[in-house]
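Colleague: I would like to see how this sequence folds:
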Amino acid sequence: MAQTIIKAKSHAAAPPAATPQVRQVSVDDGSAGQRLDNFLLRELKGVPKTHVYRIIRSGEVRVNKGRAAADTRLQVGDIVRLPPVRVAPPPSEETQAAVPPREFPVLFEDEHLMVVDKPAGVAVHGGSGVSFGVIEQLRRSRPDAKFLELVHRLDKETSGLLLLAKKRSALTALQDQFRQRETGKTYAALVVGAWPAKTKVIDVALHKYLNADGERRVRAVENDHDEGRRSISLVRIAASYAAFTLLDVTIKTGRTHQIRVHLAHTGHAIAGDDKYGDFPLNKALAAGRLVPGCRFDRMFLHARRLAFDHPASGERIELTAPLPSECETLLAHLPTP
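Modeller: Predicted structure coming up:
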């Protein structure tokens, strides 16, 4: 089977052929130091993450003709064998032109990274029925940026602090911190009901699955569940209201929908959560029937604090983002106990 040598690029994967073929990709300076799994997720756009890990485990992916683990660090000049898999086609010029350039409030920026305050209702990236997100819009608004990648993700419905890397070395270092749980992430969440003051730690495993409509969901399972992943959230009461409680939630693990499912599992769903929440209550909130004089039609989950070590200087950076105005307005209208 024909093989070609292709230099790895910062953003784009090679365009797919009509019939997928083996590719041999040479690791360049921009990809040096990256984990093999993250390298593949970038090169194999559109390939499910589960399939990426499967081809690593099976040995179909090779580094310098040998098997390699997902956490293998790539070096300049390494040759990575990619098996024949179908990848998403690169975006057309028409598709790229359809992405409107947009800047977001910047709370910190230097030559290595930037932190923006993402509004609710905006995806962090395109995919799954979403044409574009924060990363695509920022790239469009900064056409001269040589490198710009998401370090982590936030749900579309969640607002708050989002960290992006402007250099490959920064991306690698920051993702390592997230993986090793060396970062600090605290969220403001308004939940339904009176939160029990004695509940300060939620240590409940989570399991991802697809519902009947093929949508991704997460549920709480027993900690010894075969497919459950241990998940830990620390909870502190920030303010109490007659029918709600404002919480500070610090996550020690970064599972999909972790806070949303953990809080719903305790019987105190997040106000406005359209996946795990109290749907009649959400509808009443959005219509202005539940809280007189206030309509609230989003999920009250805000990434308000982010702490990490600067990838170049090692300095500890701690940033906070104030609550969005719509959240402040709701709190101002809530009666106290």
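Colleague: Report the next helix or strand after the host helix or strand of A284 in sequence order.
Modeller: Using DSSP states H and E, the element containing A284 is helix 279-287. For helix 279-287, the succeeding helix or strand toward the C-terminus, using DSSP H and E, is strand 301-309.
Colleague: now that following strand, how far from the chain's geometric center?
Modeller: Distance of strand 301-309 from the chain centroid (C-alpha atoms, centre = their mean, to the nearest Å) equals 13 Å.
Colleague: again with stretch 98-108
Modeller: 17 Å.
Colleague: Buried residues, the helix holding A284. List them.
Modeller: 281-282, 285 (16 or more other C-beta atoms under 10 Å). In this view, the C-beta of every residue, glycine as well, is placed from N, C-alpha and C.
Colleague: do the same with stretch 187-198
Modeller: 187-192, 195.
Colleague: Repeat that for stretch 295-308.
Modeller: Quick answer for stretch 295-308 (16+ other C-beta under 10 Å): 296, 298-308.
Colleague: Which one of the buried residues of helix 279-287 is nearest to L171?
Modeller: N282 (36.2 Å; C-beta to C-beta).
Colleague: Quick check: chain neighbours aside, which residue is closest to the closest one?
Modeller: Once flanking residues are discounted, N282 sits nearest to G272: 5.5 Å by C-beta to C-beta, 6 or more residues apart in numbering.
Colleague: so the one you found sits in a strand?
Modeller: No - looking at G272 with DSSP: H, G, I helix; E, B strand; the rest coil, it is coil, so not inside a strand.
Colleague: correct me, but it touches K283?
Modeller: No - counting by C-beta atoms under 8 Å, G272 does not reach K283; the two are 10.1 Å apart.
Colleague: give me the number of residues near Q258?
Modeller: 22 (other C-beta atoms under 10 Å).
Colleague: Mind jotting down where the helices sit in the stretch 101-250 of the chain?
Modeller: Under the criterion DSSP state H, counting those that start in this stretch, the stretch 101-250 of the chain contains helices at 134-141, 168-179.
Colleague: if we can go back for a sec, okay if I get the buried residues of stretch 295-308 as a markdown table plus distance to R62 and pLDDT?
Modeller: Putting those into a markdown table (distance: C-beta to C-beta, whole Å; pLDDT from 0 to 100) gives the following:
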| residue | distance to R62 | pLDDT |
| --- | --- | --- |
| F296 | 53 | 97 |
| R298 | 47 | 97 |
| M299 | 44 | 98 |
| F300 | 48 | 98 |
| L301 | 42 | 98 |
| H302 | 44 | 98 |
| A303 | 39 | 98 |
| R304 | 44 | 98 |
| R305 | 42 | 98 |
| L306 | 37 | 98 |
| A307 | 38 | 98 |
| F308 | 34 | 98 |
